[in-house]
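Engineer: I would like the atomic coordinates for the input below:
(chains A and B)
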Amino acid sequence: MNSTSTYLLELQGMRKAFPGVLATDNVDLKIKPGEVHALLGENGAGKSTLVKMIYGILKADAGSIYFNGKPVEINSPAQARELGIAMVFQHFSLFDSLSVVENISLGMDHACSMDELANQITELSNRYGLPLDPQRHVYTLSVGERQRIEIIRCLLQKPKLLVMDEPTSVLTPQEVDKLFITLKRLAEEGLAILYISHKLNEIKALCRNATVLRHGKKIDTVEVDEESTQTLAAMMMGRELKEFKHPRKSEPGEIRLSVNDPHIPAADKTGISLQILNLTVRAGEVVGISGVAGNGQDELLAALNGEKRSSRADSIIIEGRAVGRMGPNERRLSGLASVPEKRLGHGAVPDMDLVENAFLTSFTRLRLIRYGLIDREKTVEFAKKIIRNFSVKTPGSDVPASSLSGGNLQKFIIGRELMQNPEILIVSQPTWGVDAGAALTIRQELRELAAEGAAVLVISQDLDELLEISDRIGAICGGRLSRFYPTSSITTEQVGMLMAGVCLEEGMPHVA
Amino acid sequence: MLPDMIKRQTPSKMMVYLSPVLALCLTLLAGIFLFLIMGVSPLDALHAFFIEPVSSLYGLSELGVKATPLVLIGVALSLGFRAGVWNIGAEGQLIIGGLCGGAVALYFYQKTGFYIIPLILLAGIAGGMLWAAIVAFLRTQFNANEILTSLMLSYVAGLLLNLMVHGPLKDPEGFNFPESRMLSDSAILPTLFEATRFHIGALIALLVVAVGRVLIAKTLLGYQIKVMGDAPDAGEHAGFSRSRIIWITLLMSGGVAGLAGIIEVSGPIGQLLPSISPGYGFTAIIVAYVGRLHPLGVLFAALLLALTYLGGEEAQMILNLPVAVTGVFQGLLLFFLLASDVLIHYRLQFKKRLTVETVVKS
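Structural biologist: A predicted model of the protein is given here:
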């Protein structure tokens, strides 16, 4: 087959089944040297499964892989690296207590002296605009810098194909821009890049071709320049995405939640201590907190919902009540509901059924305990109401939470909180890992809750989402909250600076 | 070729209940093999072990006597295990319960009064709770692993009992044997049937089963226990306190183990001896797991494990087998149960894996 020889990598009929789900079904893919190729699809579309087969982590049930025109069988990551395939994962595998050069040397297939390696690192980092000091310890580095280690670790192997799995989810907009410059440079030098993402504007900015996956099947391979984000979205989701509708905007009312520096030290060495936190949320408004992962978002949620208590009662005021020293149940009774980022294991108990999970946070507000016993009947009714009102797709209320898809479980959890008519809702990463249709519904629900007079606080790493639904926006960086600015008067770049911990210069309109 | 293990989409409900049965069958098979090696007819041995003990009314009553402490402790331990609190030192809590209750009973020696039995039972519960409280304190204050502390405290408890029966609690008219006096009649649990040792402790055990069942299935505390065991973070999100659950489950299991201890002392034994339990506290761990951490399951599992105690004694008498056979059987049962439990989450596939290596060659 001579025609394949112009392609660096060619996949034919890739198929992989897991118990109960066909993850990828008959997928083809072709990449030329020097091409930045997007692999586009929603969560669960089969992107990760496909690249894991390319990198030798998973074995395909069927299908064949050609590399440089020759059929190959890739049984292990080492074999993939041997061929010239390198991969940057979403989650890094670095040792915090080791230096950059030590970390990289651990991942090398062939031994080489530390000094020589350090020189190579410096050279690569200069050449591709990836500033990195080889002697620094990893725990002192930001997430963006850690990603550079992974990229340089890949480049040291002089790969022909670089696979990147959602690399921008941990970066500020400025860092994303820099990364794209690096990637384009690498592509110009002949490196093929397979870029996995579901963010359409990134793909428009970076990629030449895109292969779209949906429910494990390849929908099409298109030239990105000839498509609009709308047509790409339609291919990705199988239908046109409805425009997000802002419901009527209500005038912000009285202050419902106010936070005044509830100094909360880190739980352990790797945790973030919350230092400067000043925030008010009023009735009828949605306030967004952006930030790069691991800057104190989890700690902030725990401080607000009472999982972590402050030593000062008046450091957190809900509806005029000083609740800083109270636990989650008392705060819930005062009107505050929360939805944590981690759904299975934090927002819901994986092995318990939906009825028991409905009970988890609602038993005090809805009085689901009678004569000291759980009122099962009333709880079942409540669970069924959530499932109905929020169109949670499930065979019934008696299936374990872990059997629901990410989006459906999120609808259930958010529904559970909304159905209790909270005065304040705090939600972290509301649409993370949720398919676009459900994400739209969830955003609408949050806006509507605010329109009905509740105060809504959204903590998210998805900047586009925050810009879309928030009235005011700020950022958290290293456990400190920035000032908050009206969304209409701030640019993406400025939010990026807030995310990086930079104070915007005076003269910006701000609301304290 | 070896079968493949394939992860099930959802845990198999059927295997949850089938697994103990499978484990029992495998234990019997291994037992037959064991008896063959020892040169004993497996048929005789199994008869002595499992049929002989329950072929008389007295045998059945003895089964109840042996099962009583196992039911009590098994139910209490399973509550803790549900919460992910691994109290494996019920043996020590049993001993201290027996010691405290026994000491109170000796204090009221030759006195009469309806209050004496309730009082010594309460003393037993308090003793077990106290011993478990040490574990809870170390766990919640210093994050000391409760598996280690509770186990080590069991040995301390055993030595403490020894010290007491060699010293202060020794029978003054006992020719210097390390035993206490026989408890007076007003401190002995009444028996339910003439000429047997079957005592009202069995009724207390049934009551504990019922209470355990309601607690775990219907109350907020039971719900909190299950959530804390499954997903502690979700529990904290709901406002449940982890250390509160650790304290409650440890005090409950310690108290009930202590109750089992004093029931032994003022029931079948009738005095304090250097050893008051043939390892009930440890066997109850097996009981809890064979019973699927479910109070009713524990009831049946306790009867089964009680049978191994009786069977061991019979095998000793009839076939001259060593007493260790009991422990071997109990160990085998737990071993096979843990192995069979893998099938709850995995299924076996015996046929050759379907590999469709369709390499398109042209």
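
Engineer: residues in contact with residue 261?
Structural biologist: All of this refers to chain A. A:275, A:276, A:277, A:278, A:315 (C-beta atoms under 8 Å, 6 or more residues apart in numbering or on different chains). To be clear about C-beta, it is placed using only N, CA and C from the backbone, and glycine gets the same treatment.

Engineer: wait, I meant chain B there
Structural biologist: B:69, B:93-99, B:101, B:124, B:127-128, B:276-277.

Engineer: 7 Å - rerun?
Structural biologist: Residues counted as contacts of residue B:261 (C-beta atoms under 7 Å, 6 or more residues apart in numbering or on different chains) are B:94, B:95, B:97, B:98, B:101, B:124, B:128, B:276.

Engineer: And for residue A:465?
Structural biologist: Residue A:465 neighbours (C-beta under 7 Å, 6+ apart): A:431, A:443.

Engineer: For the helix or strand where it lies, output the C-alpha coordinates as PDB.
Structural biologist: Assessed by DSSP states H and E, residue A:465 sits inside helix A:463-469. What follows is helix A:463-469, C-alpha atoms only, in PDB (Å, rounded to 0.1, in the frame of the first residue of the first chain):
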ATOM      1  CA  LEU A 463     -13.200  30.200  31.900                       C
ATOM      2  CA  ASP A 464     -15.600  30.300  29.000                       C
ATOM      3  CA  GLU A 465     -18.300  28.900  31.200                       C
ATOM      4  CA  LEU A 466     -17.700  31.500  33.900                       C
ATOM      5  CA  LEU A 467     -17.700  34.300  31.400                       C
ATOM      6  CA  GLU A 468     -21.000  33.000  30.000                       C
ATOM      7  CA  ILE A 469     -22.900  32.700  33.300                       C
END
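
Engineer: so what strands line up beside the next helix or strand after it?
Structural biologist: Using DSSP H and E, the helix or strand that directly follows helix A:463-469 along the chain is strand A:472-477. Next to strand A:472-477 in the sheet, as set by DSSP bridges, lie strand A:286-290 (parallel), strand A:480-481 (antiparallel), strand A:485-486 (antiparallel).

Engineer: still on that earlier bit, got the buried residues for the helix holding residue A:465?
Structural biologist: A:463, A:465, A:466, A:467, A:468, A:469 (16 or more other C-beta atoms under 10 Å in any protein chain shown).

Engineer: about what we covered before: ok, so of the contacts of residue A:261, who is nearest chain B?
Structural biologist: Using C-beta to the nearest C-beta, residue A:315 comes nearest to chain B of those, at 18.7 Å.

Engineer: Pull up the gap between the closest residue to the closest one other than its chain neighbours and chain B, please.
Structural biologist: Setting aside the residues directly before and after it, residue A:315 is nearest to residue A:262 in space (C-beta to C-beta, 6 or more residues apart in numbering or on different chains), at 3.5 Å. Using C-beta to the nearest C-beta, to the nearest Å, we find residue A:262 at a distance of 17 Å from chain B.

Engineer: And residue A:419, by the same measure?
Structural biologist: For residue A:419 relative to chain B (C-beta to the nearest C-beta), the value is 16 Å.

Engineer: And for that residue, nearest residue in space, chain neighbours not counted?
Structural biologist: residue A:386 is the one closest to residue A:419 (C-beta to C-beta, 6+ apart), at 5.8 Å.

Engineer: Run a quick check on that neighbour versus residue A:412, I expect a contact.
Structural biologist: Yes: when contacts are counted by C-beta atoms under 7 Å, residue A:386 is listed as touching residue A:412 (5.9 Å).

Engineer: Which neighbours do those two have in common?
Structural biologist: The contact lists of residue A:386 and residue A:412 share residue A:392, where a contact means C-beta under 7 Å, 6+ apart.

Engineer: where does residue 93 land in three-state SS?
Structural biologist: Chain wasn't specified; assuming chain A. For residue A:93, the assignment made with DSSP: H, G, I helix; E, B strand; the rest coil gives coil.

Engineer: Report pLDDT for it.
Structural biologist: pLDDT, residue A:93: 83.

Engineer: From the rest of the structure, what touches stretch A:70-89?
Structural biologist: A:51, A:54-57, A:59, A:64-67, A:109, A:150-151, A:154, A:157, A:159-165, A:167, B:359.

Engineer: Among these, which lie within strands?
Structural biologist: A:64, A:65, A:66, A:67, A:161, A:162, A:163, A:164, A:165 (DSSP state E).

Engineer: Make JSON lines out of the strands paired with strand A:472-477 and add mean pLDDT.
Structural biologist: Formatted as JSON lines, the strands paired with strand A:472-477 follow (pLDDT from 0 to 100):
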{"stretch": "strand A:286-290", "mean pLDDT": "94"}
{"stretch": "strand A:480-481", "mean pLDDT": "91"}
{"stretch": "strand A:485-486", "mean pLDDT": "92"}
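
Engineer: Enumerate the beta-bridge partners assigned to the nearest residue to residue A:66 once chain neighbours are set aside.
Structural biologist: Distance criterion C-beta to C-beta, 6+ apart; nearest residue to residue A:66, sequence neighbours excluded, is residue A:10 at 4.2 Å. Beta-bridge pairing for residue A:10 (DSSP bridges): residue A:30, residue A:66.

Engineer: how about the strands in the stretch 51-200 of chain A?
Structural biologist: Taking DSSP state E, counting those that start in this stretch to define them, one finds strands in the stretch 51-200 of chain A at A:62-67, A:70-72, A:85-88, A:161-165, A:192-197.
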